[in-house]
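Undergrad: Can you look at this prediction? I've put the sequence above it.
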Amino acid sequence: MSLEISGLRVAVEEKEILRGIDLVVEPGKVHALMGPNGSGKSTLAFSMSGHPNYHVLAGSVKLDGEELIGLPPDKRAKAGLFLSFQYPAAIPGVSVANFIRTARMAVNPDDLPPAKFRKMIFEQLDVLDMDPAFLSRYVNDGFSGGEKKRLEMLQLAMLCPKYAVLDETDSGLDVDALQSVGRSVNALRATEAGAKTAFLIITHYPRILAYIPADVVHIMMDGRIVKTGGPELANQIEREGYDKIRDEVASSVA
């Protein structure tokens with residue numbers, strides 16, 4: 001049981017971005033994927049979710065043994081994959097409540113009657129310190145950056161996926177919003193179902209890892225994972241930046 005990526009090579013507009021990614025994320029674990037701009041981190045996230053502009057040249061992405069390559073995005077979501085976007089889209093005319101209810105029904109039909117859904121979503125609003133009036137607003141329409149991220153965390157809590165990919169969720173967030181994201185993820189992990197959810201946190205900087213501690217840290221450069229270690233690896237990046245690791249990689253190849 002795991003999210004297993006093997007030999008993944010991906011191109012965008014005929015340019016190869018991912019050059020052979022091997023990565024295994026186990027249930028209940030938090031993996032952090034770090035790297036400088038242009039290293040291919042978001043390409044990996046979009047490729048896993050089935051974005052049509054990202055063309056898989058080779059390799060596989062398996063969720064608990066089920067091959068995801070070739071499946072449409074909705075089938076991947078139903079299999080248990082969740083992606084938090086760096087720039088969530090606005091959907092004018094669709095309320096937050098209806099959007100989340102529809103998403104929950106699509107993934108787990110008939111498992112949550114209206115009364116239980118209402119109870120559950122209000123509990124999650126309380127955890128996220130969100131005004132219940134939020135539910136009547138249109139999805140991301142006029143939302144601040146922090147509100148968009150809180151909405152994604154609300155979706156995450158309500159869907160409770162097997163594997164959650166958070167693509168630069170900390171981008172543009174102030175400290176209060178970042179703490180809210182951390183509380184949401186940790187509250188989910190404290191539940192019986194959420195304890196089994198695995199996280200792949202994609203980020204440039206280690207600040208989000210202060211609120212969501214990682215079990216494993218991977219460094220990506222030039223479309224490859226070049227180094228893997230424990231939480232101390234993120235601290236090293238904070239102190240020294242990526243240049244030292246880039247030099248280490250260059251020395252090992254020379």
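TA: Yep, it's here. Because the structure is a prediction, the values reported are computed rather than measured.
Undergrad: okay, CA-based contacts and neighbour counts for the rest of this
TA: Noted.
Undergrad: Where does the prediction get shaky in the stretch 101-250 of the chain?
TA: Low-confidence segments of the stretch 101-250 of the chain, defined by pLDDT under 70: 110.
Undergrad: The closest residue to Gly172 other than its chain neighbours - how many residues pack around it?
TA: Nearest in space to Gly172, with sequence neighbours left out and distances taken as C-alpha to C-alpha, 6 or more residues apart in numbering, is Gly145 at 6.8 Å. Here the count is done by other C-alpha atoms under 10 Å, and Gly145 has 19 residues near it.
Undergrad: From what I see, Gly145 and Thr169 are in contact.
TA: No - using C-alpha atoms under 8 Å, Gly145 is not in contact with Thr169; the gap is 10.0 Å.
Undergrad: Helices of the stretch 1-150 of the chain, residue ranges please.
TA: 41-49, 73-79, 96-107, 114-127, 145-159 (DSSP state H, counting those that start in this stretch).
Undergrad: now those in CSV, with distance to Glu13?
TA: Shown next, in CSV, are those (distance: least, C-alpha to C-alpha, whole Å):
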stretch, distance to Glu13
helix 41-49, 12
helix 73-79, 20
helix 96-107, 31
helix 114-127, 40
helix 145-159, 29
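Undergrad: what are the phi and psi values for the residue nearest to Lys41 when sequence neighbours are not counted?
TA: Excluding the flanking residues, the one nearest Lys41 by C-alpha to C-alpha, 6+ apart is Ile202, at 6.7 Å. Here is the backbone geometry of Ile202 (degrees, to the nearest 10): phi -100, psi 130.
Undergrad: Kindly state the beta-bridge partners for Ile202.
TA: Per DSSP bridges, the residues bridged to Ile202 are Leu33, Asp167.
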